[in-house]
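Visitor: Output the structure for:
(2 chains)
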Amino acid sequence: MTDEFIKLSAQSVNLWFGSKQVLKNINIDFPQNQVTALIGPSGCGKSTLLRSFNRMHDLLPDVKIEGKLMLDQQDLYEKNISVTQLRRRVGMVFQKANPFPKSIYENINYGLKINDIPKGDRDQIIEKALKESYIWDEVKDELQKPATRLSGGQQQRLCIARTVALRPEVILMDEPCSALDPLSTLKIEELITKLKKDYTIIIVTHNMQQAQRVADKTVFMYLGEVIEMGDTQEIFNNPTNELTGNYVKGRFG
Amino acid sequence: MNIAARENIDKAVKLLIRSTGMIVIIILAGIFFMLLYNAIAFFLKVSPIDFITGTQWNPSGRQASYGIVPLLVSTTLVTLGAMVIAIPLGIGTAAFISEYAGKRLKNILKPAIEMLAAVPSVAIGFLGIVIVGPFLARLIGQPNGLNALNGAILLSVMALPTIITVTEDALRGVPHSYKEASYGIGANKWQTLTKVTIPAAAPGILAAIMLGIGRTIGETMTVLMATGNAQAFPHGFFRSVRTITATIAIETGEVPYQTTHYFALFAIATVLFIMTLVVNLIGEYFVNRFRKYHSA
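Guide: Model (predicted):
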């Protein structure tokens, strides 16, 4: 455990939506090149925590955050941090696949364009990203087709390709498989396992099997607090907290 | 109430609703056929080629001439000018309201814009005569400012509420997930607006523009008051023009019943009708082209 490099961490994080406190004194370290799963019943704050790592809450009014969220020992909410730069380093895949209403090619090209990647390099990057996301073979002949015509699973893999194309350091995934069939889910899980050698991944999931299949570390949250965290096998097989045990065994949630 | 009675009421209501729908269609068809019938009567007396290519509209001259070109150019000039002003201004305002403005500012702006739509066209025409006209006259050194530009400015003001409201609806209708996706890969607000939100709202924005053009082409009172209505062939924005609508409004009151001149007014009204039809068809075409990128 000691040789693990801590890529991302939350230190005494409290978060309020208006007057409602959603996160309570969160302290978590996320090691580099590992997959960490955030689990817990709906409304426990796991998505909220995830979104605070690329400052998606900036888009909403009435959000108050206290404490420190660190990326490589740097506070994400410091004044001189560029939010756009941060979001490029910390990519996000959303719960519902959300490709732009543009062509498959343009979906990835857009991110390259706004991040000033030279035009000559883009075709190659797009191809590579699509290959890394295991969707290249399915779309290589129809890159100009509207992305919305793809199946749900393909759309989600395209969204992952869109994120991967920018070479972020961290990828946040908010229940990326919740709207997908088992086969597409399996493909995405394989993809996550492959991606972790280059990226640090945090995944929110409601699927206990999924957490066990893909995650090295698991964090169990309940009512805005971290109840227990540790190696995935430990959390699922020898939880120290009774709540965790009941949740992972499906007794509530 | 027993079941038979309820079913009878249901039938009666269905009939009523269907007939109201039919009435709309009948009225539309009636207008179209009346225009067409009278236009045909006109073309039996004047050759369509003379009508379409004629550069002079002078029905009361010794040698009456019925060329539609000057009217067409006038209408086009005024409409084009109005759109050049109103489209960027309208989309910009809508984008500001939906993406940038704070809650309080939004609550002031939206009703204000809706109120702008309620200003009667005659009042706007009046402003054109007493304010915009004299201002333009001084700016370009002409005796009066009753010209195409004046009309275009006023009409852009009249088209703005439509364009802003419909565009804002379209922008607000763009799924939040598109914006999140864009911000999520490091786009800023401006990039998200111009590259994601506006393209995604394009069908709605085009509809807004088409509605704006429709409003502009058909507007009568304002152009009648503000554009000078000279019969001469229009040469640019700083000259007095006489649109199709103004021509019909001016001449219908004085024309003897069922003369060539009378039929001629129906002919130009038919042209106006076709113009708005084409505008709508073009709008529909673009709406469909952009829609294919949205999920079914």
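Visitor: A:Lys194 versus the spatially most central residue of chain A, what's the distance?
Guide: With distances taken as C-alpha atoms, centre = their mean, A:Leu172 lies nearest the centre of chain A, 1.6 Å away. Here the criterion is C-beta to C-beta, to the nearest Å. By it, A:Leu172 lies 17 Å from A:Lys194. C-beta coordinates here come from the backbone N, C-alpha and C atoms, glycine included.
Visitor: now do B:Thr167
Guide: 44 Å.
Visitor: out of those two, which sits in the more crowded spot?
Guide: Neighbour totals were compared for B:Thr167 and A:Lys194, and B:Thr167 leads with 29 against 13 (other C-beta atoms under 10 Å in any protein chain shown).
Visitor: Pretty sure that one sits against B:Gly204.
Guide: Yes - if you go by C-beta atoms under 8 Å, B:Thr167 and B:Gly204 touch, sitting 6.8 Å apart.
Visitor: Who are the contact partners of residue 67?
Guide: Since you didn't name a chain, this refers to chain A. A:10-14, A:25-26 (C-beta atoms under 8 Å, 6 or more residues apart in numbering or on different chains).
Visitor: that answer is for a different chain, and I need it for chain B
Guide: B:50-51, B:53-57.
Visitor: Now narrow those to whatever sits close to chain A.
Guide: By C-beta under 8 Å from any C-beta of the partner chain, no member of the contacts of B:Gly67 lies near chain A.
Visitor: how about the strands of chain A, start to end?
Guide: Remark: strands assigned in chain A by DSSP state E are A:6-17, A:20-31, A:35-39, A:63-71, A:74-75, A:90-93, A:170-174, A:200-204, A:217-222, A:225-231.
Visitor: other SSEs contacting the shortest one?
Guide: Strand A:74-75 is packed against no helix or strand, with contacts defined by 3 or more C-beta pairs under 8 Å, 6 or more residues apart in numbering or on different chains; DSSP states H and E.
Visitor: mean confidence for it?
Guide: On average, the pLDDT along strand A:74-75 is 91.
Visitor: who does it pair up with?
Guide: strand A:63-71 (antiparallel) (DSSP bridges).
Visitor: cool, and the first one?
Guide: Strands flanking strand A:6-17 in the sheet, each with its direction: strand A:20-31 (antiparallel), strand A:63-71 (antiparallel) (DSSP bridges).
Visitor: got the angle between that strand and strand A:170-174?
Guide: Computed by axes from the mean of the first three to the mean of the last three C-alpha atoms, to 10 degrees, the angle separating strand A:6-17 from strand A:170-174 equals 40 degrees.
Visitor: What of the third one?
Guide: Relative orientation of strand A:35-39 versus strand A:170-174 (the same axes, to 10 degrees): 30 degrees.
Visitor: List the buried residues in stretch B:70-83.
Guide: Of the residues in stretch B:70-83, B:70-79, B:81-83 count as buried by neighbour count, 16 or more other C-beta atoms under 10 Å in any protein chain shown.
Visitor: Mind putting the residues you listed into TSV with secondary structure?
Guide: TSV is the format used below for those (DSSP: H, G, I helix; E, B strand; the rest coil):
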residue	secondary structure
B:Pro70	helix
B:Leu71	helix
B:Leu72	helix
B:Val73	helix
B:Ser74	helix
B:Thr75	helix
B:Thr76	helix
B:Leu77	helix
B:Val78	helix
B:Thr79	helix
B:Gly81	helix
B:Ala82	helix
B:Met83	helix
